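Trainee: quick one: sequence plus predicted model below, questions after.
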Amino acid sequence: MLPSIPLLKSAVTAVVSQPFKRAQLGLFQGKTKQYGNNVPFSKHKTRRSWLPNVQSKRLFSDTLGQFVKVKLTTRALKTIKKHNGIDNYVLKTKPELLGWEGMRIRVLVREQQQARGTTSPSTSTPTPVVTVEAAPVASTS
């Protein structure tokens, strides 16, 4: 006997994988759990896993004016330093790399910027104006 259509649909939807759930609760910069083998001298392989290097940090947000406590990987911390703060990091990073917590911080930063009337912390610094003074021209008459 052939299975009915509703049974086939439920079997297909059960195959869809979930994202790395732990990474949704912090800023993991795309790092996930990795798998491999322990291989001793006897060559008897046993399965093992490696977790990302996760740290709890308090980062100061210039836009929010307060510290934001977040779990993040050391790779994400390095990228935050490269972007000169958590505000620029959450605004410039792709949503796939941010996860739920990063998107929550992004929404908070954007709402605060709209309330203040600014667009981005990086554009708030004025650009220097260069003026060139003309040298006096000697007349030959």
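Mentor: Thanks, I have it. Everything quoted here is computed from the prediction, not taken from an experiment.
Trainee: just the strands in the protein please.
Mentor: 34-38, 46-50, 54-61, 66-73 (DSSP state E).
Trainee: and the contacts of the last one?
Mentor: Applying Cβ atoms under 8 Å, 6 or more residues apart in numbering, the external contacts of strand 66-73 come out as 25-29, 31, 52-61, 80, 86, 101, 105. Using the backbone N, CA and C atoms, a C-beta is placed for each residue, glycine as well.
Trainee: now it and strand 54-61, what's the angle there?
Mentor: Orientation check (axes from the mean of the first three to the mean of the last three Cα atoms, to 10 degrees): strand 66-73 against strand 54-61 gives 150 degrees.
Trainee: one more: the first one?
Mentor: Computed by the same axes, to 10 degrees, the angle separating strand 34-38 from strand 54-61 equals 150 degrees.
Trainee: sorry, back to before: which of the strands of the chain is buried the deepest?
Mentor: Neighbour counts (mean count of other Cβ atoms under 10 Å) averaged over each of the strands of the chain peak at strand 66-73, with a mean of 16.
Trainee: please look at residue 32 and residue 50 and confirm they touch.
Mentor: No: under the criterion of Cβ atoms under 8 Å, residue 32 is not in contact with residue 50, lying 9.9 Å apart.
Trainee: quick check: bridge partners of residue 57?
Mentor: On the basis of DSSP bridges, residue 57 is bridged to residue 70.
Trainee: for it, give its distance to residue 92.
Mentor: Distance, residue 57 to residue 92, by Cβ to Cβ, to the nearest Å: 19 Å.
Trainee: with residue 86 instead?
Mentor: Counting by Cβ to Cβ - residue 86 and residue 92 are separated by 11 Å.
Trainee: which one of the two is surrounded by more residues?
Mentor: Taking neighbours as other Cβ atoms under 10 Å, residue 86 and residue 92 compare with residue 86 leading, 28 against 12.
Trainee: surely the more buried one meets residue 59?
Mentor: Yes: shown here, residue 86 and residue 59 form a contact pair, counting by Cβ under 8 Å, at 4.5 Å.
Trainee: right, I'll leave it there.
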